[in-house]
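need coordinates for the following:
(one chain, ligands or ions: 2)
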Amino acid sequence: MPVAAIYGPDDFPNTVRTVRRPPIAPAKAAAGANPLPRLEWTPEVERDTAHLYERVKRVIPPVEWPLMAPTIKAINELKVQRDAVILAHNYQTPEIFHCVADIKGDSLQLAVEATRVKASTIIQCGVHFMAETSKLLNPDKRVLIPDSRAGCSLASSITGADVRLLRERFPGVPVVAYVNTSADVKAEVDICCTSSNAVAVVESLNAPEVIFLPDQYLAKYVASKTDVKIIAWKGACEVHERFTGDELRAYREADPSVQIIAHPECPPDVLAEADFTGSTAHMINWVRQNRTQRIVMITECSMADNVQAELPDLEMVRPCNLCPHMKRITLMKILNSLLTFSEEVTIDPEIAERARRSVERMINLKN
Ligand code: 13P
Ligand code: SF4
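Numbering: from 1, shown residues only. Ligands and ions are numbered 1, 2, ... in the order given. Reported below is the predicted structural model:
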């Protein structure tokens, strides 16, 4: 069924509203910072990174490898010395995703894996809400993000105060927050969800109606899959909302054999054209299992590169919208994080305790 109503900041005009953004602070050197290693392309670097280049040679031209390989080697050595583990979202670039990451996946996989990490330091290669989720689940570990300005248009569309106002307007209606939200929003809701489990989370509440925030398009997708009445928020992903149904129809007209797979953050006219809709991990699994020759991947560009690196025979059509926030994370910034133990993610303990409950309730849900 269609969503019942969509609310946004304009519906609460008399409220002082401050969107909490990740702090924009220059990276500070922590005590015990290591000196910058020599980053030179030498025969030793070429030899020690040859097996890594094998993984990405389909998507990184040979001329670029000598510029990346010394930093990749330094990161891989330093992360062992510094007892650090690198978590990378599916939207990270191939040299990060395939060459330095220890744990990779979609938002749900990263949240679950974060609970199992043994190392004392986590470096989150993704956006700020992902690093906050890792910190929530690992309060005693050092969680670093290589650039804390890596935000998200969904996370910055809503505040904890907005959730409190929604609760006043809809007393007793449970609230589900997509993990693409800040900790202070997670602290105000009943449970979190990701694009992998959104429908199951909504139905787990056994309620006739649910407030689902902040992604209006994911809300519409969920509403199309359940009988639960969905009240949505007006947020959108700036990457996925740019795709259009017309664009997809043009691909199909050009080659009727193409298979189109799309992320549920896309608008409904885009999803109507898709052969498969799913989270980033579900999309990757679909490609692995179906092995269709020509695939149009309607999501962030780097994920298509990462899949192409793994499955070289695939012909990938990439309409390709970049997430500018994900792209703030680079090899040099990861190296800097390891050297200086910056930028550390911190969360107010009172907010963290309540936000953790919402994330853990999702993780503990038996589907
Ligand atoms: P996934 O949970 O599907 O990885 O999505 C996260 C995200 O930010 C997509 O834009
Ligand atoms: Fe946020 Fe969209 Fe970037 Fe994902 S792709 S992090 S939802 S802005």
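
next, the buried residues of the helix or strand of the chain with the lowest mean pLDDT.
One helix or strand of the chain scores below all others by mean pLDDT, DSSP states H and E: strand 315-317, with a mean of 86. For strand 315-317, a neighbour-count test (16 or more other CB atoms under 10 Å) marks 316-317 as buried. C-betas here are computed from N, CA, C, even on glycine.

so which elements touch that strand?
Secondary-structure packing of strand 315-317 (3 or more CB pairs under 8 Å, 6 or more residues apart in numbering; DSSP states H and E): strand 294-298, helix 301-310.

ligand 2: which of these is closest?
Proximity to ligand 2, assessed across these by CB to the nearest ligand atom, is greatest for helix 301-310 (9.8 Å).

what about that closest one, distance to the chain center?
Relative to the centre of its chain, helix 301-310 is centred 15 Å away, using CA atoms, centre = their mean, to the nearest Å.

what parts of the stretch 201-350 of the chain come near ligand 1?
237, 265, 279-280 (CB under 6 Å from any ligand atom).

ignore what I typed, I meant the stretch 51-200 of the chain.
90, 106-107, 180, 194-195.

which one in the residues you listed is the model shakiest on?
Least confident of those in the model: residue 107, at 91.

mind listing what it touches?
89, 130, 133, 179-180, 194-196, 279-280 (CB atoms under 8 Å, 6 or more residues apart in numbering).

now for residue 315: which residues touch it?
293-295.

again, only this time at 7 Å
Listed by CB atoms under 7 Å, 6 or more residues apart in numbering, the contact set of residue 315 reads 293-294.

got it, and the one 5 residues further on?
Residue 320 makes contact with 301, 304, according to CB under 7 Å, 6+ apart.

can you check residue 225 too?
residue 199.

tell me the pLDDT of it.
For residue 225, pLDDT reads 98.

what separates residue 294 from residue 287, distance-wise?
Distance of residue 294 to residue 287, given as CB to CB, to the nearest Å: 11 Å.

quick one, which of those two is more surrounded?
residue 287 (23 against 13; other CB atoms under 10 Å).

give me phi/psi at the more buried one?
Torsion angles at residue 287 (phi, psi; degrees, to the nearest 10) stand at phi -60, psi -40.

quick one: it and residue 307 touch, right?
Yes. Residue 287 lies in contact with residue 307 (CB atoms under 7 Å); the separation is 5.7 Å.

which strands and helices sit next to the longest helix anywhere in the chain?
For the chain, the helix that runs over the most residues, judged by DSSP state H, is helix 65-81. Packed against helix 65-81, as judged by 3 or more CB pairs under 7 Å, 6 or more residues apart in numbering; DSSP states H and E, are the following elements: helix 43-56, helix 331-340.

now those in TSV, with mean neighbour count and mean pLDDT?
Listed next are these as TSV, based on neighbours: other CB atoms under 10 Å; pLDDT from 0 to 100:
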stretch	mean neighbour count	mean pLDDT
helix 43-56	15	98
helix 331-340	22	98
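
nearest to ligand 2, of these?
Short answer: helix 331-340, nearest of the helices and strands packed on helix 65-81 by CB to the nearest ligand atom, at 16.6 Å.

put the alpha carbons of the closest one into CSV.
What follows is helix 331-340 as a C-alpha-only set of coordinates in CSV (Å, rounded to 0.1, in the frame of the first residue of the first chain):
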residue,chain,number,x,y,z
LEU,A,331,44.4,5.5,1.2
MET,A,332,46.4,8.5,2.5
LYS,A,333,43.7,9.3,5.1
ILE,A,334,43.6,5.7,6.3
LEU,A,335,47.4,5.7,6.7
ASN,A,336,47.1,9.0,8.6
SER,A,337,44.5,7.5,10.9
LEU,A,338,46.8,4.6,11.7
LEU,A,339,49.8,6.8,12.3
THR,A,340,48.0,9.3,14.5
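
that one vs helix 65-81, what angle?
Orientation check (axes from the mean of the first three to the mean of the last three CA atoms, to 10 degrees): helix 331-340 against helix 65-81 gives 30 degrees.

for helix 331-340, give me every contacting residue.
27, 29-30, 33-34, 36, 68, 71-72, 74-75, 78-79, 82, 84, 95-96, 100, 123, 125, 144, 146-147.

which regions of the chain lie under the pLDDT threshold?
For the chain, the stretches with pLDDT under 70 are 13-32, 366-367.

mind checking how far the residue lying farthest from the centre of the chain is from residue 150?
Most distant residue from the mean C-alpha position of the chain: residue 43, 36.2 Å away (CA atoms, centre = their mean). Residue 43 sits 35 Å away from residue 150, going by CB to CB.

before we move on, what about residue 105?
17 Å.

which one's more surrounded, these two?
Neighbour count, other CB under 10 Å: between residue 105 and residue 150, residue 150 has more, with 24 against 20.

need the three-state assignment for that one.
With DSSP: H, G, I helix; E, B strand; the rest coil as the basis, residue 150 sits in coil.

thank you kindly, that will do.
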